[in-house]
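Engineer: Give me a model of this one.
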Amino acid sequence: MSDHPFVAFNVLTVPEPMRETLEERFAKRAGEVEKMDGFEHFELLRPVAGTDKYLVYTRWKSKDHFDAWVNSMQFGKGHAQASQDGREGGPAASGSEVWSFEAIQTADAAGVNRTADAVGVTDAAGDDA
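Structural biologist: Residues are numbered from 1 along each chain as shown. Model prediction:
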């Protein structure tokens with residue numbers, strides 16, 4: 001198992017007329033992901049200009065935690081409402097793909113920069129965090 005936090009982006013292609021529908025569906029989502037072990041953060045990112053791509057951002061303690069989510073009953077339950085809405089009103093997105101990353105450097109609002117390495121996490125001064 002990697003020591004790095006894991007980030008997944010579900011990249012949704014959403015035509016302009018379906019943007020409001022997509023956002024409404026996410027507002028009504030089941031919230032199952034928040035209950036999963038290793039889950040850290042969720043955001044739905046709306047495009048501002050120049051693209052029709054919405055990003056669904058989730059952050060996990062590890063890739064193993066993310067994989068456990070994708071293979072869980074909660075994942076199916078969390079996506080069941082979206083499937084039902086899609087059957088009733090048509091899909092909001094015309095396409096999707098998943099981008100996956102390891103978080104190897106992070107910073108917080110206090111300005112603490114962290115670099116994840118194979119041994120552990122150190123701050124910018126090189127001290128153990």
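
Engineer: quick one: what helix or strand has the residue nearest the centre of the chain in it?
Structural biologist: In the chain, the centroid-proximal residue (C-alpha atoms, centre = their mean) is Thr58; its distance is 2.0 Å. For Thr58, the element it lies in under DSSP states H and E is strand 53-60.

Engineer: mind listing what's buried in the next helix-or-strand element following that strand?
Structural biologist: Heading C-terminal from strand 53-60, the first helix or strand you meet, by DSSP H and E, is helix 63-70. Buried residues in helix 63-70, counted by 16 or more other C-beta atoms under 10 Å: Lys63, His65, Phe66, Ala68, Trp69. Glycine gets a C-beta too; all of them are placed from N, C-alpha and C.

Engineer: the bottom helix or strand of the protein by mean pLDDT?
Structural biologist: Of all helical and strand segments in the chain, the minimum by mean pLDDT, DSSP states H and E falls on strand 121-123, at a mean of 45.

Engineer: Can you report phi and psi for the closest residue in space to Ser100 that isn't next to it in sequence?
Structural biologist: Of all residues beyond its chain neighbours, the one nearest Ser100 is Ala8 (5.3 Å), with distances taken as C-beta to C-beta, 6 or more residues apart in numbering. Ala8 has phi and psi values of phi -120, psi 140 when expressed as degrees, to the nearest 10.

Engineer: In contact with Ala8, which residues?
Structural biologist: By C-beta atoms under 8 Å, 6 or more residues apart in numbering, the contact list for Ala8 reads Tyr57, Thr58, Trp60, Phe66, Val98, Trp99, Ser100, Phe101.

Engineer: what about 10 Å?
Structural biologist: Listed by C-beta atoms under 10 Å, 6 or more residues apart in numbering, the contact partners of Ala8 are 56-60, 63, 66, 69-70, 98-101.

Engineer: now do Ser100
Structural biologist: Shown in contact with Ser100 (C-beta under 10 Å, 6+ apart): Phe6, Val7, Ala8, Phe9, Lys63, Phe66.

Engineer: Over to Glu23?
Structural biologist: Glu23 makes contact with Val14, Leu44, Arg46, Tyr54, Ala92, according to C-beta under 10 Å, 6+ apart.
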